[in-house]
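**Q** sequence first, predicted coordinates after that:
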Amino acid sequence: MSERPGYEIVSLTEVERCPDPRHDGPVLLPLRWLLDLRAFGANAWTAPVGRQAVPRHQEDSGDDELYVVVKGRATFTVDEETLDAREGTLVYVSTGVTREAVAEEPETIVLAVGATPGEPYAARGWDEVVVAFAKARAGDVEGGRTVLETLVARQPDEWPGAYNVACFEALYGDRDLAFPALERAVELDAEAVRNHAPQDDDLAILHEDPRWQELFG
């Protein structure tokens, strides 16, 4: 990445690749995090041939999204319509519409740009979580921890940040760091955390600890 006053130049072939642990296939190229984008969201995705580069989902966030196949070829499915999206194809999808894309050629890359109509853009932080866990899996636990610390500092009153810190520390750190983060997440939104935590494999190692029983009974 080349940095100059007022602009930056990035090559997609050089951007760090972060497998998304939530899905089997998609690999994130974290442009929004890398460039610290604040006016709109933008990330790129790739995947092995035959796997989903864009997982099947609807944008319950309210975002409209524009997908651009910048390299290779993908099969997009939008609602029930399937299309062959070759390099240079643009696919616009509004919020609430189901979409997915499967990579059909090696090194296929799909750029996604989105924001919510009529609202100021605010990064939600899910991409930082993907980056943090990818760094830890690659052996850079401290680097992953730093990414999450930055996220929590930016969103101190939102439970997902603290919750993901707890998951991260349970997997890669120290359970004595995991429990304070989990307690903070419960403090911020007890119902949401108690709906997620008992079924979350990332936290399984904590179940036998007395502090888990204190939180979840």
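**A** Looks like it came in fine. It should be emphasised that the depicted structure is a prediction, and the values quoted were computed from it without experimental measurement.
**Q** could you chop the protein up by domain?
**A** 2-115, 126-216 (automatic domain parsing).
**Q** please name the bridge partners of Thr77.
**A** Going by DSSP bridges, Thr77 is paired in beta bridges with Thr82, Glu100.
**Q** contacts only, for it.
**A** Contacts for Thr77 (CB atoms under 8 Å, 6 or more residues apart in numbering) come out as Arg56, Thr98, Arg99, Glu100, Ala101. Heads up, the C-betas are built off the backbone N, CA and C, glycines and all.
**Q** and the residues you listed, which of them are buried?
**A** Among the contacts of Thr77, those scoring as buried are Arg99, Glu100, Ala101 (criterion: 16 or more other CB atoms under 10 Å).
**Q** please report the distance of Val186 from Gly6.
**A** Distance of Val186 to Gly6, given as CB to CB, to the nearest Å: 44 Å.
**Q** of these two, who's got more company?
**A** Using other CB atoms under 10 Å as the criterion, Val186 and Gly6 rank with Val186 on top: 20 against 4.
**Q** was I right to think that one contacts Leu215?
**A** Yes: in terms of CB atoms under 8 Å, Val186 counts as a neighbour of Leu215; the distance is 6.0 Å.
**Q** the nearest residue to Glu169 once chain neighbours are set aside: how many residues sit nearby?
**A** Of all residues not flanking Glu169 in the chain, Ala178 sits nearest, at 3.8 Å (CB to CB, 6 or more residues apart in numbering). Residues lying near Ala178 (other CB under 10 Å) number 25.
**Q** so which of the domains of the chain is the most surrounded?
**A** Across those, averaging neighbours per residue (mean count of other CB atoms under 10 Å) puts domain 126-216 on top, at a mean of 18.
**Q** show me the helices in this structure, by range?
**A** Ranges of helices in the chain, per DSSP state H, are 31-35, 126-137, 141-154, 159-172, 175-188, 190-196, 210-216.
**Q** of all the ones you listed, which one is nearest Asp24?
**A** helix 126-137 (13.9 Å; CB to CB).
**Q** and that closest one, average pLDDT?
**A** Across helix 126-137, the average pLDDT comes to 96.
**Q** other SSEs contacting that helix?
**A** For helix 126-137, the packing partners by 3 or more CB pairs under 8 Å, 6 or more residues apart in numbering; DSSP states H and E come out as strand 18-19, strand 27-29, helix 31-35, helix 141-154, helix 159-172.
**Q** noted, bye for now.
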